[in-house]
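K.L.:
only the shape, not the letters, is given here:
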(Lines give C-alpha, C1' and ligand atoms only; values in the text may rest on other atoms or scores of the structure.)
Protein backbone atom coordinates (compact mmCIF):
# COMPACT_ATOMS: atom_id res chain seq x y z
CA UNK A 1 0.00 0.00 0.00
CA UNK A 2 1.63 3.30 -1.09
CA UNK A 3 2.49 5.55 1.86
CA UNK A 4 2.94 9.31 2.00
CA UNK A 5 3.88 11.96 4.52
CA UNK A 6 0.63 13.80 3.79
CA UNK A 7 -2.50 13.11 1.81
CA UNK A 8 -4.40 16.21 0.73
CA UNK A 9 -8.06 15.50 0.03
CA UNK A 10 -9.34 18.19 -2.32
CA UNK A 11 -7.11 19.59 -5.05
CA UNK A 12 -8.46 23.04 -5.76
CA UNK A 13 -7.00 26.36 -4.58
CA UNK A 14 -6.36 25.56 -0.91
CA UNK A 15 -5.22 22.01 -1.61
CA UNK A 16 -2.84 22.99 -4.40
CA UNK A 17 -1.43 25.84 -2.35
CA UNK A 18 -0.73 23.44 0.52
CA UNK A 19 0.80 20.95 -1.90
CA UNK A 20 3.21 23.59 -3.18
CA UNK A 21 4.31 24.50 0.35
CA UNK A 22 4.82 20.86 1.21
CA UNK A 23 6.54 20.02 -2.07
CA UNK A 24 9.00 22.82 -1.49
CA UNK A 25 9.51 21.38 2.00
CA UNK A 26 10.59 18.09 0.37
CA UNK A 27 7.54 16.23 1.65
CA UNK A 28 6.08 13.18 -0.07
CA UNK A 29 2.55 14.35 -0.86
CA UNK A 30 -0.51 12.83 -2.52
CA UNK A 31 -3.27 15.16 -3.69
CA UNK A 32 -6.62 13.52 -4.50
CA UNK A 33 -9.35 15.51 -6.24
CA UNK A 34 -12.70 14.50 -7.73
CA UNK A 35 -12.96 17.52 -10.06
CA UNK A 36 -16.12 19.10 -8.61
CA UNK A 37 -15.21 22.63 -7.40
CA UNK A 38 -18.04 24.75 -6.04
CA UNK A 39 -17.33 27.59 -8.49
CA UNK A 40 -17.69 25.50 -11.66
CA UNK A 41 -20.34 27.88 -13.07
CA UNK A 42 -18.56 31.10 -12.13
CA UNK A 43 -17.30 32.79 -15.32
CA UNK A 44 -14.65 35.02 -13.73
CA UNK A 45 -12.73 35.24 -10.46
CA UNK A 46 -12.05 38.66 -8.95
CA UNK A 47 -10.31 40.38 -6.05
CA UNK A 48 -7.18 38.24 -6.35
CA UNK A 49 -4.17 40.24 -7.52
CA UNK A 50 -2.36 38.84 -10.58
CA UNK A 51 -5.51 36.84 -11.42
CA UNK A 52 -8.28 39.46 -11.37
CA UNK A 53 -10.89 38.61 -14.00
CA UNK A 54 -9.44 35.19 -14.76
CA UNK A 55 -11.58 32.10 -15.36
CA UNK A 56 -11.49 30.04 -12.13
CA UNK A 57 -10.66 26.82 -13.94
CA UNK A 58 -7.70 28.47 -15.65
CA UNK A 59 -6.27 29.51 -12.27
CA UNK A 60 -6.64 25.95 -10.97
CA UNK A 61 -5.05 24.39 -14.08
CA UNK A 62 -2.08 26.74 -13.93
CA UNK A 63 -1.67 26.05 -10.22
CA UNK A 64 -1.75 22.30 -10.81
CA UNK A 65 0.88 22.55 -13.56
CA UNK A 66 3.17 24.51 -11.25
CA UNK A 67 2.67 22.19 -8.29
CA UNK A 68 3.39 19.10 -10.39
CA UNK A 69 6.89 20.42 -11.11
CA UNK A 70 7.80 19.25 -7.61
CA UNK A 71 8.75 15.60 -7.95
CA UNK A 72 7.62 14.66 -4.43
CA UNK A 73 4.01 15.67 -5.19
CA UNK A 74 1.60 13.20 -6.83
CA UNK A 75 -1.86 14.15 -8.13
CA UNK A 76 -4.67 11.61 -8.43
CA UNK A 77 -8.01 12.23 -10.14
CA UNK A 78 -10.27 10.18 -7.88
CA UNK A 79 -12.79 10.43 -5.05
CA UNK A 80 -11.92 9.54 -1.46
CA UNK A 81 -14.73 7.40 -0.07
CA UNK A 82 -13.46 6.53 3.42
CA UNK A 83 -10.67 7.05 5.90
CA UNK A 84 -9.63 5.47 9.18
CA UNK A 85 -6.98 5.99 11.85
CA UNK A 86 -4.47 3.15 12.22
CA UNK A 87 -2.07 3.68 15.13
CA UNK A 88 0.33 6.40 13.94
CA UNK A 89 -1.09 6.82 10.45
CA UNK A 90 -4.26 7.12 8.42
CA UNK A 91 -5.56 4.83 5.69
CA UNK A 92 -7.82 6.15 2.94
CA UNK A 93 -9.74 4.39 0.18
CA UNK A 94 -11.01 5.76 -3.12
CA UNK A 95 -13.90 5.08 -5.47
CA UNK A 96 -11.46 3.52 -7.93
CA UNK A 97 -10.58 0.87 -5.34
CA UNK A 98 -7.18 2.29 -4.40
CA UNK A 99 -5.82 2.56 -0.86
CA UNK A 100 -3.08 4.74 0.60
CA UNK A 101 -1.62 5.59 3.99
CA UNK A 102 -0.24 8.84 5.35
CA UNK A 103 1.02 10.31 8.59
CA UNK A 104 -1.16 13.40 8.21
CA UNK A 105 -4.38 14.29 6.42
CA UNK A 106 -5.38 17.70 5.10
CA UNK A 107 -9.00 18.26 4.07
CA UNK A 108 -9.48 21.09 1.58
CA UNK A 109 -12.83 19.77 0.42
CA UNK A 110 -14.90 22.95 0.52
CA UNK A 111 -18.58 23.41 1.23
CA UNK A 112 -21.75 22.42 -0.59
CA UNK A 113 -24.44 25.04 -1.21
CA UNK A 114 -27.99 23.80 -0.65
CA UNK A 115 -29.99 25.55 -3.32
CA UNK A 116 -33.49 26.79 -2.41
CA UNK A 117 -36.36 25.20 -4.39
CA UNK A 118 -36.77 28.22 -6.65
CA UNK A 119 -36.70 27.30 -10.37
CA UNK A 120 -33.82 29.05 -12.12
CA UNK A 121 -31.88 29.83 -8.93
CA UNK A 122 -29.31 27.04 -9.29
CA UNK A 123 -28.75 27.79 -12.98
CA UNK A 124 -27.80 31.38 -12.07
CA UNK A 125 -25.68 30.52 -9.04
CA UNK A 126 -22.19 32.00 -9.36
CA UNK A 127 -23.13 33.84 -12.55
CA UNK A 128 -25.79 36.41 -11.64
CA UNK A 129 -27.01 35.00 -8.31
CA UNK A 130 -24.05 35.90 -6.14
CA UNK A 131 -22.75 35.25 -2.64
CA UNK A 132 -20.07 37.94 -2.23
CA UNK A 133 -19.87 41.60 -3.29
CA UNK A 134 -16.10 41.62 -2.81
CA UNK A 135 -15.84 38.87 -5.43
CA UNK A 136 -18.50 40.11 -7.87
CA UNK A 137 -20.06 43.38 -6.69
CA UNK A 138 -17.96 45.71 -8.83
CA UNK A 139 -19.23 44.12 -12.05
CA UNK A 140 -22.89 44.76 -11.13
CA UNK A 141 -22.40 48.06 -9.30
CA UNK A 142 -25.25 50.57 -9.58
CA UNK A 143 -27.43 47.98 -11.36
CA UNK A 144 -30.96 46.91 -10.34
CA UNK A 145 -30.15 44.33 -7.69
CA UNK A 146 -32.08 41.97 -5.46
CA UNK A 147 -31.38 40.19 -2.20
CA UNK A 148 -33.06 36.93 -1.23
CA UNK A 149 -32.88 36.53 2.55
CA UNK A 150 -34.87 36.72 5.78
CA UNK A 151 -34.42 37.98 9.31
CA UNK A 152 -31.05 39.10 10.65
CA UNK A 153 -29.26 37.82 7.55
CA UNK A 154 -31.51 39.96 5.36
CA UNK A 155 -30.71 43.02 7.45
CA UNK A 156 -26.95 42.44 7.35
CA UNK A 157 -26.82 41.73 3.61
CA UNK A 158 -28.99 44.78 2.90
CA UNK A 159 -26.59 47.00 4.81
CA UNK A 160 -23.66 45.53 2.91
CA UNK A 161 -25.01 45.55 -0.65
CA UNK A 162 -26.49 49.06 -0.36
CA UNK A 163 -22.89 50.29 -0.61
CA UNK A 164 -22.64 48.94 -4.19
CA UNK A 165 -26.03 50.05 -5.55
CA UNK A 166 -28.86 52.41 -4.76
CA UNK A 167 -31.36 50.34 -6.80
CA UNK A 168 -31.91 47.56 -4.29
CA UNK A 169 -34.87 45.33 -3.39
CA UNK A 170 -35.03 42.82 -0.56
CA UNK A 171 -37.11 39.74 -1.39
CA UNK A 172 -37.91 37.75 1.73
CA UNK A 173 -39.87 35.02 -0.11
CA UNK A 174 -42.58 35.05 2.56
CA UNK A 175 -42.71 36.73 5.99
CA UNK A 176 -39.57 38.83 6.37
CA UNK A 177 -38.57 37.85 9.89
CA UNK A 178 -37.29 41.40 10.34
CA UNK A 179 -37.86 43.36 13.50
CA UNK A 180 -39.74 46.67 13.28
CA UNK A 181 -36.48 48.54 13.84
CA UNK A 182 -34.68 46.58 11.11
CA UNK A 183 -37.48 47.23 8.61
CA UNK A 184 -37.43 50.92 9.47
CA UNK A 185 -33.68 51.20 8.93
CA UNK A 186 -33.79 49.27 5.64
CA UNK A 187 -36.58 51.44 4.25
CA UNK A 188 -34.80 54.60 5.42
CA UNK A 189 -32.09 53.76 2.88
CA UNK A 190 -34.66 53.40 0.08
CA UNK A 191 -34.41 49.61 -0.02
CA UNK A 192 -37.73 48.07 -1.00
CA UNK A 193 -38.99 45.06 0.97
CA UNK A 194 -41.08 42.48 -0.92
CA UNK A 195 -42.56 39.62 1.10
CA UNK A 196 -44.42 37.97 -1.78
CA UNK A 197 -43.17 34.45 -2.45
CA UNK A 198 -40.84 33.98 -5.41
CA UNK A 199 -42.19 31.80 -8.20
CA UNK A 200 -39.04 31.53 -10.33
CA UNK A 201 -35.88 33.24 -11.58
CA UNK A 202 -36.17 34.11 -15.25
CA UNK A 203 -32.77 34.06 -16.92
CA UNK A 204 -30.82 33.53 -20.10
CA UNK A 205 -27.82 31.20 -19.82
CA UNK A 206 -27.53 31.95 -16.11
CA UNK A 207 -27.85 35.72 -16.43
CA UNK A 208 -30.92 36.88 -14.56
CA UNK A 209 -33.56 38.92 -16.36
CA UNK A 210 -36.27 39.16 -13.69
CA UNK A 211 -37.80 37.58 -10.63
CA UNK A 212 -41.31 36.29 -11.18
CA UNK A 213 -43.42 36.46 -8.03
CA UNK A 214 -46.46 34.48 -6.95
CA UNK A 215 -49.47 36.11 -8.62
CA UNK A 216 -47.52 36.93 -11.79
CA UNK A 217 -45.78 40.20 -10.93
CA UNK A 218 -42.19 40.53 -12.19
CA UNK A 219 -39.21 42.63 -11.11
CA UNK A 220 -36.42 43.25 -13.61
CA UNK A 221 -32.95 42.70 -12.12
CA UNK A 222 -29.33 42.36 -13.18
CA UNK A 223 -28.10 40.52 -10.10
CA UNK A 224 -29.29 38.86 -6.92
CA UNK A 225 -27.37 38.19 -3.70
CA UNK A 226 -28.21 35.17 -1.57
CA UNK A 227 -26.65 33.02 1.13
CA UNK A 228 -27.92 29.44 0.73
CA UNK A 229 -27.51 26.95 3.54
CA UNK A 230 -24.13 25.23 3.68
CA UNK A 231 -23.01 21.70 4.52
CA UNK A 232 -19.60 20.10 4.39
CA UNK A 233 -18.91 18.87 0.87
CA UNK A 234 -17.13 15.85 2.34
CA UNK A 235 -18.52 13.90 5.32
CA UNK A 236 -15.28 12.05 6.07
CA UNK A 237 -13.79 14.57 8.55
CA UNK A 238 -16.85 14.30 10.77
CA UNK A 239 -16.81 10.50 10.42
CA UNK A 240 -13.24 10.61 11.78
CA UNK A 241 -14.42 12.69 14.74
CA UNK A 242 -13.59 16.22 13.58
CA UNK A 243 -15.95 18.71 15.18
CA UNK A 244 -17.93 21.36 13.30
CA UNK A 245 -19.30 24.63 14.62
CA UNK A 246 -22.83 26.06 14.48
CA UNK A 247 -22.19 27.16 10.87
CA UNK A 248 -21.26 23.60 9.81
CA UNK A 249 -17.61 24.65 9.40
CA UNK A 250 -14.77 22.45 10.61
CA UNK A 251 -13.31 23.69 13.87
CA UNK A 252 -9.62 24.52 13.54
CA UNK A 253 -7.01 26.21 15.70
CA UNK A 254 -4.53 28.88 14.66
CA UNK A 255 -2.39 26.22 12.94
CA UNK A 256 -5.26 24.79 10.83
CA UNK A 257 -5.48 21.73 13.10
CA UNK A 258 -8.90 20.14 13.50
CA UNK A 259 -10.04 18.63 16.79
CA UNK A 260 -8.54 15.25 15.77
CA UNK A 261 -4.74 14.96 16.07
CA UNK A 262 -3.04 14.55 12.72
CA UNK A 263 -5.94 15.98 10.71
CA UNK A 264 -5.78 19.49 9.29
CA UNK A 265 -8.26 21.54 7.25
CA UNK A 266 -8.04 24.66 5.09
CA UNK A 267 -10.12 26.68 2.66
CA UNK A 268 -13.87 27.09 2.44
CA UNK A 269 -14.67 24.19 4.77
CA UNK A 270 -13.25 26.24 7.67
CA UNK A 271 -14.48 29.80 7.06
CA UNK A 272 -17.45 31.88 5.94
CA UNK A 273 -15.02 34.06 3.96
CA UNK A 274 -15.19 32.15 0.68
CA UNK A 275 -12.72 33.62 -1.79
CA UNK A 276 -9.98 32.20 -4.00
CA UNK A 277 -7.30 34.43 -2.49
CA UNK A 278 -8.20 33.40 1.07
CA UNK A 279 -8.30 29.71 0.15
CA UNK A 280 -4.83 30.01 -1.36
CA UNK A 281 -3.56 31.76 1.76
CA UNK A 282 -4.98 29.25 4.23
CA UNK A 283 -3.73 26.31 2.16
CA UNK A 284 -0.21 27.66 2.02
CA UNK A 285 -0.20 28.23 5.76
CA UNK A 286 -1.63 24.76 6.41
CA UNK A 287 1.22 23.23 4.42
CA UNK A 288 3.78 25.04 6.55
CA UNK A 289 1.96 24.06 9.75
CA UNK A 290 1.89 20.38 8.77
CA UNK A 291 5.59 20.41 7.93
CA UNK A 292 6.32 22.07 11.28
CA UNK A 293 4.43 19.34 13.13
CA UNK A 294 6.27 16.59 11.25
CA UNK A 295 9.61 18.19 12.09
CA UNK A 296 8.68 18.51 15.77
CA UNK A 297 7.75 14.80 15.87
CA UNK A 298 11.08 13.84 14.30
CA UNK A 299 13.61 16.26 15.83
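P.N.:
Ah, there it is. Just so we're clear, the structure is a prediction, and the values are computed from it rather than from any experiment.
K.L.:
and the contacts of the longest helix seen in the chain?
P.N.:
Among all segments of the chain classified by DSSP state H, the helix with the greatest residue count is helix 276-298. Contact partners of helix 276-298, identified using CB atoms under 8 Å, 6 or more residues apart in numbering, comprise 5-6, 12-22, 25, 27, 39, 45, 47-49, 51, 56, 59, 103-104, 106, 108, 255-257, 264-268, 270-271. Just so you know, the C-beta spots here come from the backbone N, C-alpha and C atoms, and that holds for glycine as well.
K.L.:
and for stretch 183-193?
P.N.:
Among residues not part of stretch 183-193, those counted as contacts by CB under 8 Å, 6+ apart are 155, 158, 162, 166, 168-170, 172, 176, 178.
K.L.:
now do 10 Å
P.N.:
Judged by CB atoms under 10 Å, 6 or more residues apart in numbering, the contacts made with stretch 183-193 from elsewhere in the structure are 145-147, 154-155, 158-159, 161-162, 165-172, 176, 178-179, 182, 219.
K.L.:
do the same with stretch 79-98
P.N.:
1-4, 6-7, 9-10, 30, 32-36, 76-78, 99-105, 107, 109, 234-237, 239-241, 260-263, 297.
K.L.:
those residues, buried ones only, as a ChimeraX selection?
P.N.:
Those of the contacts of stretch 79-98 that meet the burial criterion (16 or more other CB atoms under 10 Å) are gathered into one ChimeraX selection, given here:
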select :4,6,7,9,10,30,32,33,34,76,78,100,101,102,103,104,105,107,109,234,236,237,240,260,262,263
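K.L.:
in helices, which of the contacts of stretch 79-98 fall?
P.N.:
Using DSSP H, the members of the contacts of stretch 79-98 that fall within helices are 236-237, 239, 297.
K.L.:
excluding its backbone neighbours, what's nearest residue 115?
P.N.:
Setting aside the residues directly before and after it, residue 115 is nearest to residue 122 in space (CB to CB, 6 or more residues apart in numbering), at 4.4 Å.
K.L.:
gap between that neighbour and residue 114?
P.N.:
From residue 122 over to residue 114 the distance is 10 Å, taken as CB to CB, to the nearest Å.
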